[in-house]
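Colleague: Sequence first, predicted coordinates after that:
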Amino acid sequence: MQSQGDYHAHIYYDGDTKPIAIGVVQQLEQLFNVEIGHFHDKPVGPHPTGSIQITVGPESFGTILNWLALNRQGLTVFWHANTGDVMKDHSEHTIWMGSMPELNLKVLKRFVDKG
């Protein structure tokens, strides 16, 4: 069994939906104790579009997962566990809300090769 760490929720957006993403993130900050990353307007890492990363502890995972399911306002949210296995975390230990665009997992290969 893998060790349990925190989770990342990546909220995907584009130029048209960035204001919606900002609103969702502002609500998350007001309601929950979460770590908010930077808005990336272009693809970064394996993510195929603009995104912002939210780090969620295991103790609040269910609550925030439920909140985002009901309040994501049509945005796609990609969740993954952080177990230390970066490839599995982005390919097997995942939850999608909304569409499921293909991730560029090739960019994660450098982390696997260093392991």
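Modeller: Received it, and whenever you're ready, just let me know what you need.
Colleague: For stretch 88-102, list every residue counted as buried.
Modeller: Across stretch 88-102, burial judged by 16 or more other Cβ atoms under 10 Å covers Asp89, His90, His93, Met97. To be clear about C-beta, it is placed using only N, CA and C from the backbone, and glycine gets the same treatment.
Colleague: Dump those to CSV, plus secondary structure and pLDDT.
Modeller: Formatted as CSV, the entries for these read as follows, by DSSP: H, G, I helix; E, B strand; the rest coil; pLDDT from 0 to 100:
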residue, secondary structure, pLDDT
Asp89, helix, 95
His90, helix, 95
His93, coil, 95
Met97, strand, 98
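Colleague: Low-confidence ranges, this structure, go.
Modeller: Applying pLDDT under 70 to the chain flags the ranges 1-4, 111-115.
Colleague: What is the subsequent helix or strand relative to the lengthiest helix in it?
Modeller: Using DSSP state H to assign secondary structure, the helix with the most residues in the chain is helix 18-31. Read in the C-terminal direction, the helix or strand following helix 18-31 is strand 35-36, with elements assigned using DSSP states H and E.
Colleague: which neighbours does that next one have in its sheet, and in what orientation?
Modeller: When pairing is defined by DSSP bridges, strand 35-36 lines up against strand 50-56 (antiparallel).
Colleague: got a list of contacts for the partner strand?
Modeller: 6-15, 18, 21, 25, 28, 34-44, 64-65, 78 (Cβ atoms under 8 Å, 6 or more residues apart in numbering).
Colleague: after it, next one along is what?
Modeller: Sequence order places helix 61-71 as the next helix or strand after strand 50-56, per DSSP H and E.
Colleague: what's the offset of that following helix from the middle of its chain?
Modeller: Using Cα atoms, centre = their mean, to the nearest Å, the distance from the centre of helix 61-71 to the centre of the chain it belongs to is 12 Å.
Colleague: Likewise for stretch 27-44?
Modeller: In terms of Cα atoms, centre = their mean, the centre of stretch 27-44 is found 9 Å from the chain centre.
Colleague: three-state assignment of Met87?
Modeller: Reduced to three states with DSSP: H, G, I helix; E, B strand; the rest coil, the structure at Met87 is helix.
Colleague: Roughly how far does it sit from Leu108?
Modeller: 6 Å (Cβ to Cβ, to the nearest Å).
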